[in-house]
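Enquirer: can't give you the sequence, but here's the structure:
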């Protein structure tokens, strides 16, 4: 009998990026079936060419949910919610859509299997899906033995307890760091929370999935080129900031590699570089894990999560100085944990990047020591997760 893993994809590329090493390890014993919440989630995954290619190899079939599917029940739910109809009636309507028989019919139709067993249902932890909530109830009623596993779609570290409107139903919640375990106790029973680490940083996966890029003595910039997406006043601030950054980098005469955001990708940044840069530069589509492996440092925008790939390589990450209110007032968990270096002005940035370039090993050790306290070892992360799953 075929054993099936269902991967429910809410948003696309980010969820697969985290989970893919685990699914790859499970592919010899289980067959993967993917359900996409909508066409946007599928397109997001497809835009990540490398991971999409891996996914195509191991996913035996997929299904994209359509708004027209079960349209009658969805319309009733929509209106009844606004009329504050009883939750009992609303749940009964939702159960017409999200039930074990319907899930089996989807898989049977796509894979052409007569007999199969659904072993695991993987679902990101940030969404309250009917598939997760109502299927839990349904499988208990019908004595099914599907295990529900929740996982992050981000390397984000959560410091404070998270208050959420819904309970996270499932058998296991995997989290990245020791700090996350406390943060999610309002979501799910703490006995079900396991600190796994992020499998995409497992050395085994990096060797398999990423090439070796020679970044020795180079600076990497994870840049959001937003010139065409903001108003004129903000665009001018971005231009002034980039010109100031270029003038600072001119002093070091190091090659610079730009990793441009996939959607905030105005070409105007090249116009500015061509006019002011004295250093050699290029744009790269490679993953930041590759680009930051042995680079001098990574430069990011304030409040950006892009730097975490460099952090996990124990490489220094320095933020550009803030230029709008939200950048002045907000701090990410990485900043609060001193995993990245925050700057507050052009001069402050110039001073700190000079120290990083001249004393990289000092900063590298500081980052590594901080990581060891909050993250489990990177080695064997995927196998660690398999052992956790086997416990249930």
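Expert: Perfect, I can see it now. All values reported here derive from a predicted model rather than from experimental measurement.

Enquirer: what's downstream of the helix or strand hosting residue 363, the next helix or strand?
Expert: Using DSSP states H and E, residue 363 sits in helix 360-374. Once the chain leaves helix 360-374, the next helix or strand it forms, by DSSP H and E, is helix 381-390.

Enquirer: buried stuff in that next one?
Expert: Across helix 381-390, burial judged by 16 or more other CB atoms under 10 Å covers 381, 382, 384, 385, 389. Yep, even glycine has a C-beta here, placed from its N, CA and C like the rest.

Enquirer: In this structure the last one contacts residue 119, no?
Expert: No - taking CB atoms under 8 Å as the contact criterion, residue 389 and residue 119 are not neighbours in contact, 9.7 Å apart.

Enquirer: shared neighbours, those two?
Expert: By CB atoms under 8 Å, 6 or more residues apart in numbering, residue 389 and residue 119 have these common neighbours: residue 147.

Enquirer: Can you show me the strands along the stretch 1-150 of the chain?
Expert: 2-9, 31-36, 59-64, 116-124, 147-151 (DSSP state E, counting those that start in this stretch).

Enquirer: Sheet partners, orientation included, of the third one?
Expert: By that I understand strand 59-64. strand 31-36 (parallel) (DSSP bridges).

Enquirer: Report the mean confidence score over the partner strand.
Expert: Across strand 31-36, the average pLDDT comes to 95.

Enquirer: Next: stretch 213-225.
Expert: 91.

Enquirer: now the strands of the stretch 1-150 of the chain as a markdown table including distance to residue 258?
Expert: Listed next are the strands of the stretch 1-150 of the chain as a markdown table, based on distance: least, CB to CB, whole Å:
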| stretch | distance to residue 258 |
| --- | --- |
| strand 2-9 | 29 |
| strand 31-36 | 31 |
| strand 59-64 | 33 |
| strand 116-124 | 30 |
| strand 147-151 | 31 |
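
Enquirer: Let me know which of the ones you listed is the nearest to residue 282.
Expert: Among those, the nearest to residue 282 by CB to CB is strand 2-9 (32.9 Å).

Enquirer: In its sheet, which strands sit next to the closest one, and in what direction?
Expert: Strand pairing for strand 2-9, using DSSP bridges, gives strand 31-36 (parallel), strand 116-124 (parallel).

Enquirer: Show me what that strand is in contact with.
Expert: Counting by CB under 8 Å, 6+ apart, 15-16, 19, 23, 26, 29-37, 41-42, 45, 59, 103, 107, 111, 113, 115-124, 129, 131-132 sit against strand 2-9.

Enquirer: quick one: residue 173 and residue 328, what's the gap?
Expert: Residue 173 sits 34 Å away from residue 328, taking CB to CB, to the nearest Å as the criterion.

Enquirer: quick one, which of those two is more surrounded?
Expert: residue 173 (23 against 12; other CB atoms under 10 Å).

Enquirer: Report the beta-bridge partner residues of that one.
Expert: residue 150, residue 193.

Enquirer: ditto for residue 281
Expert: residue 256.

Enquirer: which residues touch it?
Expert: Contacts of residue 281 by CB under 8 Å, 6+ apart are 255, 256, 257, 258, 273.

Enquirer: still on that earlier bit, quick one: the strands of the stretch 1-150 of the chain as TSV, columns for mean neighbour count and distance to residue 159 too.
Expert: Listed next are these as TSV, based on neighbours: other CB atoms under 10 Å; distance: least, CB to CB, whole Å:
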stretch	mean neighbour count	distance to residue 159
strand 2-9	22	27
strand 31-36	22	32
strand 59-64	17	35
strand 116-124	21	20
strand 147-151	22	19
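
Enquirer: In the top helix by length along the chain, which residues are buried?
Expert: For the chain, the helix with the greatest residue count under DSSP state H is helix 232-250. By neighbour count on 16+ other CB under 10 Å, the buried set for helix 232-250 is 235, 238, 241, 242, 244, 245, 246, 248, 249.

Enquirer: and it, what does it pack onto?
Expert: helix 268-276, helix 346-358 (3 or more CB pairs under 8 Å, 6 or more residues apart in numbering; DSSP states H and E).

Enquirer: chain center to the longest one: distance?
Expert: The chain centroid and the centroid of helix 346-358 are separated by 29 Å under CA atoms, centre = their mean, to the nearest Å.

Enquirer: Could you do stretch 31-51 as well?
Expert: For stretch 31-51, the distance to the chain centre is 14 Å (CA atoms, centre = their mean).

Enquirer: Could you list the residues in contact with that stretch?
Expert: 2-14, 16-17, 20, 23, 26, 52, 55, 58-67, 106-107, 110-111, 116, 129, 131, 209, 262, 287.

Enquirer: what about it, start to end distance?
Expert: One end of stretch 31-51 sits 18 Å from the other (CA to CA, to the nearest Å).

Enquirer: swap in stretch 242-260?
Expert: So stretch 242-260: terminal residues 14 Å apart, CA to CA.

Enquirer: cool, and stretch 167-175?
Expert: 16 Å.

Enquirer: quick one: contacts of it?
Expert: Here stretch 167-175 has contacts from 123, 125, 128, 132-133, 136, 147-152, 158, 181, 184, 187-188, 192-196, 385, 388-389, 392, using CB under 8 Å, 6+ apart.

Enquirer: ok, so what distance separates the residue nearest the centre of the chain from residue 272?
Expert: Residue closest to the mean C-alpha point of the chain, counted by CA atoms, centre = their mean, is residue 154 at 3.0 Å. Separation of residue 154 from residue 272 (CB to CB): 30 Å.

Enquirer: quick one: contacts for residue 309?
Expert: 155, 287, 288, 289, 292, 298.

Enquirer: how far away is it from residue 326?
Expert: From residue 309 to residue 326 the distance is 23 Å (CB to CB).

Enquirer: before we move on, what about residue 232?
Expert: Here the criterion is CB to CB. By it, residue 232 lies 18 Å from residue 326.

Enquirer: Take the contacts of residue 281 and, keeping just the buried ones, write it as a ChimeraX select command.
Expert: The following ChimeraX line selects those of the contacts of residue 281 that are buried, judged by 16+ other CB under 10 Å:
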select :255,256,257,258,273
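
Enquirer: nearest to residue 353, of the contacts of residue 281?
Expert: residue 256 (11.8 Å).
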